[in-house]
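Asks: 3D model of this:
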Amino acid sequence: MNLMPQFPLQLVVYPGEKLNLHIFEPRYRQLINEVSESGTTFGIPAFIDNRVMPIGTEVELVSIEKVFSNGEMDVKTRGTGIFKIKEFFDKAPDKLYAAAAFERMNTDTETDIILGNKVLRQVEKLYDLLGIKKNVPADVSELRSYDIAHHIGCNVQQEYEILAITDEYGRLEFILEHLDKLVPIVEETEMLRKKAQMNGHFKNILPPDFTLRSKE
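Replies: Now for the predicted structure:
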């Protein structure tokens, strides 16, 4: 049985994403050392609601940046693809770390122009409302759902749902539906915030002219 070492985390990692980790537990120090020696990959499945989720991200070790005197280390990693867990083992044979029998999954990354433009407009509106100074792709053909999924106000469950969708069109649909719900809430919140800021200031308000009404 082909097993992949597993490093469950309470977050979602996407293909292409760079992730820096501080490794301190003995089981994961063992995992990183063995991956470094063998040149193999390992998996990061999301740990949500006290369980390991069935879809995870395959990750490559880019570099070990620093090894501390106590064996802890700082490492750089990068997501390479997604996989489905067929069977999860709390410990690999004769190892401290977990492992899983797995199946790699193909994922489409081709952007739909019309849908992508709708997503971009909503992302730009959201960032403008929140005052976020973050670049968005100038050309919709450069838009990738994985690149924006962490930056549109999703919770970890929603981020996982995006990961589990294997086609780019489906991921963009999910993101657009999320933004269509979120942006009006942010707009209303921002309006209320501005109203609250006005409270306490002197206001020059023109009262209604009751004399005009009484003459009618």
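
Asks: From Gly43, how far off is the residue most central in space within the chain?
Replies: Compute the mean C-alpha point of the chain, and by CA atoms, centre = their mean the closest residue is His150, 3.0 Å away. For His150, the distance to Gly43 equals 19 Å [CB to CB, to the nearest Å]. (Each C-beta comes from the backbone N, C-alpha and C, glycine too.)

Asks: cool, Gly131 as well?
Replies: Taken as CB to CB, the span from Gly131 to Gly43 is 37 Å.

Asks: try Ile32
Replies: For Ile32 relative to Gly43 (CB to CB), the value is 13 Å.

Asks: Who has more neighbours out of the two?
Replies: Gly43 (24 against 21; other CB atoms under 10 Å).

Asks: tell me the contacts of the nearest residue to Glu190 once chain neighbours are set aside?
Replies: Nearest residue to Glu190 in three dimensions, chain neighbours excluded: Leu129, at 5.5 Å (CB to CB, 6 or more residues apart in numbering). Listed by CB atoms under 8 Å, 6 or more residues apart in numbering, the contact set of Leu129 reads 183, 186-187, 190.

Asks: same check, this time on Asp180
Replies: Here Asp180 is in contact with Gln122 (CB under 8 Å, 6+ apart).

Asks: so where does Arg27 fall, helix or strand?
Replies: Per DSSP states H and E, Arg27 falls inside helix 26-38.

Asks: contacts for that helix?
Replies: For helix 26-38, contacts defined as CB under 8 Å, 6+ apart pick out 5, 7, 23, 40-42, 61, 64, 71-73, 75, 95-98.

Asks: try it again with 10 Å
Replies: 5-7, 21-23, 25, 40-42, 59-61, 63-64, 67, 70-73, 75, 77, 91-92, 95-99 (CB atoms under 10 Å, 6 or more residues apart in numbering).

Asks: Show the average pLDDT along the lengthiest helix in the chain.
Replies: Counting by DSSP state H, the longest helix found in the chain is helix 168-198. In this model, helix 168-198 has a mean pLDDT of 88.

Asks: Flag every buried residue along it.
Replies: Across helix 168-198, burial judged by 16 or more other CB atoms under 10 Å covers 168, 171-176, 178-179, 182-183, 186.

Asks: Also stretch 15-22?
Replies: 15, 17, 19, 21.

Asks: Quote the end-to-end distance of stretch 142-159.
Replies: Separation of the first and last residues of stretch 142-159 by CA to CA, to the nearest Å is 20 Å.

Asks: low pLDDT regions in this protein?
Replies: 196-216 (pLDDT under 70).

Asks: how about the contacts of Leu129 in TSV, adding distance to Ile162?
Replies: Supplementary listing: these in TSV, determined by distance: CB to CB, whole Å:
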residue	distance to Ile162
Val183	18
Val186	19
Glu187	23
Glu190	25
